[in-house]
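Colleague: sequence and predicted model, in that order:
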Amino acid sequence: MSIFVPNKVYVRGILLHYFIQKKSAAEAHRILVQTYDDNALSDTTCRDWFRRFKNNDFELEDKERSGAPKKFDDKELEQLLDEDPSQTLSELGKILQVDESTVSKRLKGLGMIQKQGHWVPYELKPRDVERRFGTCELLLQRQKRKDFLHRIVTGDEKWIHYDNPKRRKSWGKPGHAST
């Protein structure tokens, strides 16, 4: 018994050879079973391939199917995450036209984990500068009316929000800061 295990394209090539030799699907199946034992195609599969050959379809590779998973490159996924690491599995799946579970498996395969965090930009937009300036003026006016600044809690290296905004998780490598 040989240790050679034929792949499906190889066996399909053998079936095509038997088809060209004008053998029947049943005859081809018997020969495959004699030669490859457990690695032979089923009788039904042999008949299906002979039917394709009769319809002048001699392509031995699998055709793309709607049920088959769409193939995408990991670089596509990494590029999407570079653009916006806070995209959800659902959003990534829609863009790549694959299922969320496929994206999740690929992300885990790339060593990515989901993190939750938010970077505050060093450069503020003019609108943000105006809002902060206005808030400071209001606080100073309020201080003049009623002393309250001694009740404000301050800290270093950490933002404390009165109104905690909803943060989106993002994908990143373990040990790296979240974006």
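Modeller: In hand now; what should we look at? In this text the structure is predicted, and so the values were computed from the model without any measurement.
Colleague: going forward, measure contacts and count neighbours with C-alpha atoms only.
Modeller: Will do.
Colleague: now the end-to-end length of stretch 37-48.
Modeller: 20 Å (C-alpha to C-alpha, to the nearest Å).
Colleague: for the most centrally placed residue in the chain, which residues are in contact?
Modeller: Centroid-nearest residue in the chain, with C-alpha atoms, centre = their mean: V103, separated by 2.0 Å. With contacts defined as C-alpha atoms under 8 Å, 6 or more residues apart in numbering, V103 is in contact with L89, L92, G93.
Colleague: ok, the first one to Q97 distance?
Modeller: Meaning L89. 11 Å.
Colleague: list the buried ones in the helix-or-strand element of the chain with minimal mean pLDDT?
Modeller: Within the chain, no helix or strand scores below strand 113-116, which has a mean of 74 by mean pLDDT, DSSP states H and E. Neighbour counts over strand 113-116 (16 or more other C-alpha atoms under 10 Å) mark I113, Q114, K115 as buried.
Colleague: partner residues bridging the second one?
Modeller: The partner list for Q114 in beta bridges (DSSP bridges) reads W171.
Colleague: let's see the helix or strand encompassing Q141 as PDB, backbone CA atoms only.
Modeller: Secondary structure from DSSP states H and E places Q141 in helix 126-145. Written as PDB, here are the backbone C-alpha positions of helix 126-145 (Å, rounded to 0.1, in the frame of the first residue of the first chain):
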ATOM      1  CA  PRO A 126     -10.700  75.900  16.700                       C
ATOM      2  CA  ARG A 127     -14.300  75.000  17.600                       C
ATOM      3  CA  ASP A 128     -13.000  72.900  20.600                       C
ATOM      4  CA  VAL A 129     -10.700  75.800  21.700                       C
ATOM      5  CA  GLU A 130     -13.700  78.200  21.700                       C
ATOM      6  CA  ARG A 131     -15.900  75.700  23.600                       C
ATOM      7  CA  ARG A 132     -13.200  75.300  26.300                       C
ATOM      8  CA  PHE A 133     -12.600  79.100  26.500                       C
ATOM      9  CA  GLY A 134     -16.400  79.600  26.900                       C
ATOM     10  CA  THR A 135     -16.600  76.900  29.600                       C
ATOM     11  CA  CYS A 136     -13.700  78.600  31.500                       C
ATOM     12  CA  GLU A 137     -15.400  82.000  31.400                       C
ATOM     13  CA  LEU A 138     -18.600  80.400  32.700                       C
ATOM     14  CA  LEU A 139     -16.800  78.700  35.600                       C
ATOM     15  CA  LEU A 140     -15.100  82.000  36.500                       C
ATOM     16  CA  GLN A 141     -18.500  83.800  36.600                       C
ATOM     17  CA  ARG A 142     -19.900  81.000  38.600                       C
ATOM     18  CA  GLN A 143     -17.000  81.200  41.100                       C
ATOM     19  CA  LYS A 144     -17.700  84.900  41.600                       C
ATOM     20  CA  ARG A 145     -21.400  84.100  42.500                       C
END
